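Chemist: build me a structure from this.
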Amino acid sequence: MVAGAVAWSTAAAGLVALTISRAPLLLGLGKATVVLGQPGEIIALWALGAGALLASAVRRGWLRRVLWSVVVAGILLSTATAVARLNPPTPKLVEARSGATVERQERTTLLVGVDGMSWTAILPMVRRGELPNIERLMEEGSYGALHSLRSYRKSVKEWGYWSPVVWTSLATGVRPQRHGITDFVTPGKGRIASSTDRTAPAFWNLFSAFGERVGVVGWWASWPAEKVSGYLVSSHAGLRGWRSKELDRPRLTYPEDLADQLSLRGDTPESVVDWANREIFPFERYPVLQETELKTIYSVLWQDRAYLRAAQHLIQENDPVDLYAVYFEGIDALSHQFWKAYVDPDDADEITLPEGFREHTRIVPTYYRVIDSYIGQLLEILPDDVTVLVVSDHGFHLDPKNSKGANHSPYGVLIARGEGIAQGRTINLDPLGSLREVFDHHPAGVLDILPTLLYLHGLPVAKDLDGEIVSSLFERRFLAAHPMLQVSSYGDFSKDRKVEIKVDPDTAKEYEDRLRALGYIN
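Modeler: Okay, here's the model as predicted:
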């Protein structure tokens, strides 16, 4: 950030020094820019300098210098704007010493995790009015790109954006080397990564420890279900419900008897197959998937519907909680198979596709509309003032080197709406709504979601987290009025967690088949 300010200041000062003998003034302002780094003071200083230069030139009757002064004033204004973005406002810090406290934020928050959701698909659909619930959240709040976290999988010797790794990083605010989940399969144990492998507290642990209640549904690597203040439906509940009428395995939910209330069998596998074939894809007309891949798609779509019903049940039938979190996987599963066929309808007439393949172009956007409707159904039964965060672990892009023609991109989605969150602000998106790299301020990343959630609820944020608050989401007045309580660390989370749960072989095989069909494991 300082380097950027120095560059801007030096360029402005150099240009003025060539035409007006006021170089010392500009150089002094440049130094002030770097040292102060506060947007209001910077703007005031640069405006003062530009005004002095302009007044001097007018008084001496130097037309050329007047014109150069106007140019310089424009440069100075750009400089001030750039430096202001380099230094976004941040909340005051309060150390948790001698019983220091901050005001607890009374709010209900809904965190929606959508695997693989990409701005590349969202933006054109929003412009056409096809995602009304997401569009409303964007208009009422702030939104932008959420940078994913690239990591190395030793099992396949490959770098990438891996779902269990990224979602656990998002939930813990620390990198995989610290939270312990570095692959789909636990190294040395030959089983799917689980909550017992995690060595850092997730948001449901921290909220519970600080006296807040949670209702978590389907989060990656959340089985076996941990004890929380509230409710937790683990990542294995969907698989078990797809295959069996009874959720009869231990630790699928917390409390364990919650499994009996959920009625995850509200949709039979057969009814989901009929719905999917009718509403989403014309597989019967143009089959393109192998049987195992097709079975995986159906089970994931069923799971999304089951998790929606589970979240609705927690909201409507149980005591209210402070933080609801629900995860949907279907966009990722469908994008792996059909992103290569995704075409923006505005461009469809200009693209030649094989016979029958044009039917597949609507699969991905159709399911985006489904997820938009799921979000809308949850918002309908929550309070009007609910705070909402919609996040994704990565996006998608075409990749000819990939066997399926598409792969993960580093740009996920962040949409936030609620008290204290700025309205209509974009982060890492240009005015035309296209993704771009932004070098003049800290981009929002998956590691920043946990500290942002904690700050929203007035809970302590540990100094040793790898992420930080996405302060650019918030109104300045909110940041000024709500200090952030800091603690050094959350302690040794893994010390007393030596828990082993017997793995259900049927569920383990189902999970492995799913990951194999999606191309994650061989």
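Chemist: residue ranges with poor pLDDT in the chain?
Modeler: In the prediction, the chain carries residues with pLDDT under 70 at positions 1-89, 92-104, 187-191, 239-250, 263-266, 282-288, 343-358, 428-443, 493-522.
Chemist: now do the end-to-end distance for stretch 477-489.
Modeler: Distances were taken as C-alpha to C-alpha, to the nearest Å; on that basis the terminal residues of stretch 477-489 are 28 Å apart.
Chemist: just checking, Arg153 touches Pro176?
Modeler: No. Taking C-beta atoms under 8 Å as the definition, Arg153 is not a contact partner of Pro176, at 9.9 Å. Using the backbone N, CA and C atoms, a C-beta is placed for each residue, glycine as well.
Chemist: shared neighbours of the two, which are they?
Modeler: Common neighbours of Arg153 and Pro176, using C-beta atoms under 8 Å, 6 or more residues apart in numbering, are Thr182.
Chemist: number of residues surrounding Thr268?
Modeler: For Thr268, the count of nearby residues is 12 (other C-beta atoms under 10 Å).
Chemist: my bad, Asp385
Modeler: The criterion is other C-beta under 10 Å. On that basis, Asp385 has 9 neighbouring residues.
Chemist: OK, contacts around it?
Modeler: For Asp385, the residues meeting the contact criterion (C-beta under 8 Å, 6+ apart) are 107-108, 418-419.
Chemist: again, 7 Å this time
Modeler: When contacts are counted by C-beta atoms under 7 Å, 6 or more residues apart in numbering, Asp385 is found next to Glu419.
Chemist: gap between it and Pro410?
Modeler: Taking C-beta to C-beta, to the nearest Å as the measure, Asp385 and Pro410 are separated by 33 Å.
Chemist: repeat for Gln303
Modeler: In this structure, Gln303 and Pro410 are separated by 26 Å, where distance is defined by C-beta to C-beta.
Chemist: the two: who's more crowded?
Modeler: Between Gln303 and Pro410, counted using other C-beta under 10 Å, the more crowded position is Gln303 (25 against 16).
Chemist: was I right to think the more buried one contacts Ala237?
Modeler: No. Gln303 is beyond contact range of Ala237, at 8.8 Å (criterion: C-beta atoms under 7 Å).
Chemist: what's the first-to-last distance across stretch 180-194?
Modeler: Separation of the first and last residues of stretch 180-194 by C-alpha to C-alpha is 10 Å.
Chemist: residues near Gly418, how many?
Modeler: Under the neighbour criterion other C-beta under 10 Å, Gly418 is assigned a count of 19.
Chemist: what does Asp492 give?
Modeler: For Asp492, which is what you asked about, the neighbour count (other C-beta under 10 Å) is 9.
Chemist: please identify the helix or strand for it.
Modeler: Following DSSP states H and E, there is no helix or strand that holds Asp492.
Chemist: separation between it and Thr296?
Modeler: If you go by C-beta to C-beta, the gap between Asp492 and Thr296 works out to 38 Å.
Chemist: cool, and Tyr307?
Modeler: The span separating Tyr307 from Thr296 equals 16 Å under the rule C-beta to C-beta.
Chemist: in space, what's closest to Ile449 - neighbours in sequence excluded?
Modeler: In space, and not counting its chain neighbours, Ile449 is closest to Leu170: 5.0 Å by C-beta to C-beta, 6 or more residues apart in numbering.
Chemist: only the buried residues of the helix or strand hosting the one you found, if you could.
Modeler: When secondary structure is defined by DSSP H and E, Leu170 falls within helix 163-172. Within helix 163-172, the residues that qualify as buried by neighbour count (16 or more other C-beta atoms under 10 Å) are 163-172.
Chemist: alpha carbons of that helix, as CSV, please.
Modeler: Taking only C-alpha atoms (Å, rounded to 0.1, in the frame of the first residue of the first chain), the coordinates of helix 163-172 have been written out as CSV:
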residue,chain,number,x,y,z
SER,A,163,-13.7,-28.0,-1.7
PRO,A,164,-13.0,-29.6,1.7
VAL,A,165,-9.8,-27.6,2.1
VAL,A,166,-11.3,-24.3,1.0
TRP,A,167,-14.6,-24.7,2.9
THR,A,168,-12.7,-25.6,6.1
SER,A,169,-10.4,-22.6,5.6
LEU,A,170,-13.4,-20.4,5.3
ALA,A,171,-15.0,-21.9,8.4
THR,A,172,-11.8,-21.6,10.5
